[in-house]
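Novice: Need coordinates for the following:
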Amino acid sequence: MPERLDKFLTSQNVCSRKEAGKLVRAGLVQINGVQAQSPAQKLEPGRDRVTAEGQEILYRQYLYIMMHKPAGVLSATEDRQAPTVLDLLPPALSRRGLFPAGRLDKNTTGLLIITDDGDFAHRMLSPKSHVYKLYRALLERPVSPEDINAFAGGISQGGTAFAPAKLYALPGEEANAAYVEIREGKFHQVKRMFQAVGNQVLELKRLKIGRLRLDPSLEPGQCKLLEAAETAAIFQQDMAGSAENSPSPGDV
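Specialist: Modelled structure (predicted):
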């Protein structure tokens with residue numbers, strides 16, 4: 001669908017609408033090798049080749065961003081009282097329409113996807129898609145065989161029923177550490193499931209969505225653009241609890 005040149009430049013985070021006009025009038029923007037004549041000139045995004053100040057603009061209809069969410073930040077688009085994950089985005093990755101696809105509690109850390117593709121987010125979050133999310137929890141006490149069986153059978157807490165989940169500990173880990181795999185994303189789900197078996201979560205970190213692992217090179221608060229193969233990995237599901245789905249040393 002044709003789009004105005006200045007709108008295109010703004011949507012791709014090249015510059016503001018006002019700055020786009022200045023670039024065009026200065027003769028610094030080309031479409032298919034020909035100097036653009038007006039900010040209102042139409043082009044076909046993804047088909048026409050656009051350069052600004054000699055640099056080709058790689059068109060992205062949607063953005064898919066991996067963030068290592070730190071503690072103390074809200075998974076929201078805006079808030080007057082506290083910083084949000086969108087506040088952490090660098091200017092090059094910040095554009096209108098972005099939102100966190102699913103939420104992590106304020107003090108929960110780890111893998112968060114930020115996008116402006118609503119259909120993608122719905123597919124990722126829908127329980128029908130069977131996309132498992134892997135968390136590492138630090139608990140008040142170690143998990144017991146009874147806890148593992150309760151999670152496997154599905155838990156009800158406060159009038160809410162949670163689907164069966166995989167709970168396990170790994171040898172060599174802290175005694176009070178455990179891993180949980182769920183395919184839902186209900187409000188405070190992991191914490192409430194542990195409350196239902198008489199345990200408390202002290203720290204919680206999401207490590208993986210589907211086969212997409214949190215990039216160990218990302219420090220808390222940092223993010224990166226996901227490429228097509230990485231977004232596809234979200235839907236390439238392992239069997240819950242399988243060796244391939246279990247954490248690796250680089251995860252924690």
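
Novice: check which helix or strand covers residue 231.
Specialist: For residue 231, the host element (DSSP states H and E) is helix 228-233.

Novice: Please name every helix or strand in contact with that helix.
Specialist: Here helix 228-233 touches strand 64-69, strand 212-213, going by 3 or more C-beta pairs under 8 Å, 6 or more residues apart in numbering; DSSP states H and E. (Each C-beta comes from the backbone N, C-alpha and C, glycine too.)

Novice: Ramachandran angles for residue 5?
Specialist: phi -60, psi -50 (degrees, to the nearest 10).

Novice: Check the gap between it and residue 160 for me.
Specialist: In this view, residue 5 and residue 160 are 50 Å apart by C-beta to C-beta, to the nearest Å.

Novice: And the helices in the chain?
Specialist: Using DSSP state H, the helices of the chain run over 5-11, 17-25, 118-125, 145-153, 189-196, 228-233.

Novice: Residue 5 and residue 160 - which one has more neighbours?
Specialist: residue 5 (24 against 14; other C-beta atoms under 10 Å).

Novice: Let me know the pLDDT of the nearest residue to that one once chain neighbours are set aside.
Specialist: Closest residue to residue 5 apart from its sequence neighbours, by C-beta to C-beta, 6 or more residues apart in numbering: residue 41 at 4.7 Å. Note for residue 41: predicted pLDDT of 96.

Novice: Domain map for the chain?
Specialist: Per automatic domain parsing, the domain ranges recorded for the chain read 3-56, 64-246.

Novice: Name the residues that touch the lowest-mean-pLDDT helix or strand in the chain?
Specialist: The helix or strand of the chain with the poorest confidence is strand 155-157; it has a mean of 89 (mean pLDDT, DSSP states H and E). Around strand 155-157, the neighbours that count as contacts under C-beta atoms under 8 Å, 6 or more residues apart in numbering are 161-162, 165, 192-193, 195-197.

Novice: in its sheet, what does it sit against?
Specialist: strand 160-162 (antiparallel) (DSSP bridges).

Novice: pLDDT on the partner strand, on average?
Specialist: When pLDDT is averaged over strand 160-162, the result is 92.

Novice: likewise stretch 197-206?
Specialist: Averaged across stretch 197-206, the pLDDT comes to 97.

Novice: again with stretch 119-139
Specialist: The model assigns stretch 119-139 a mean pLDDT of 93.

Novice: List the buried residues of that stretch.
Specialist: Within stretch 119-139, the residues scored as buried using 16 or more other C-beta atoms under 10 Å are 120-121, 124-125, 131-137, 139.

Novice: Ok, stretch 8-22 next?
Specialist: By neighbour count on 16+ other C-beta under 10 Å, the buried set for stretch 8-22 is 8-15, 20-21.

Novice: Which single one of those residues is nearest to residue 45?
Specialist: residue 8 (5.9 Å; C-beta to C-beta).

Novice: okay but the closest one is in contact with residue 42, surely?
Specialist: No - counting by C-beta atoms under 8 Å, residue 8 sits too far from residue 42 to count as a contact (9.3 Å).

Novice: and residue 88, how many neighbours?
Specialist: A count of nearby residues for residue 88, using other C-beta under 10 Å, gives 19.

Novice: Distance of it relative to residue 148?
Specialist: Plainly put, residue 88 is 36 Å away from residue 148 if you go by C-beta to C-beta.

Novice: Setting the sequence-adjacent residues aside, check what's closest to the residue sitting furthest away from the middle of the chain.
Specialist: Note on the chain: the largest C-alpha distance from the chain mean falls to residue 37, namely 38.9 Å (C-alpha atoms, centre = their mean). In space, and not counting its chain neighbours, residue 37 is closest to residue 24: 7.6 Å by C-beta to C-beta, 6+ apart.
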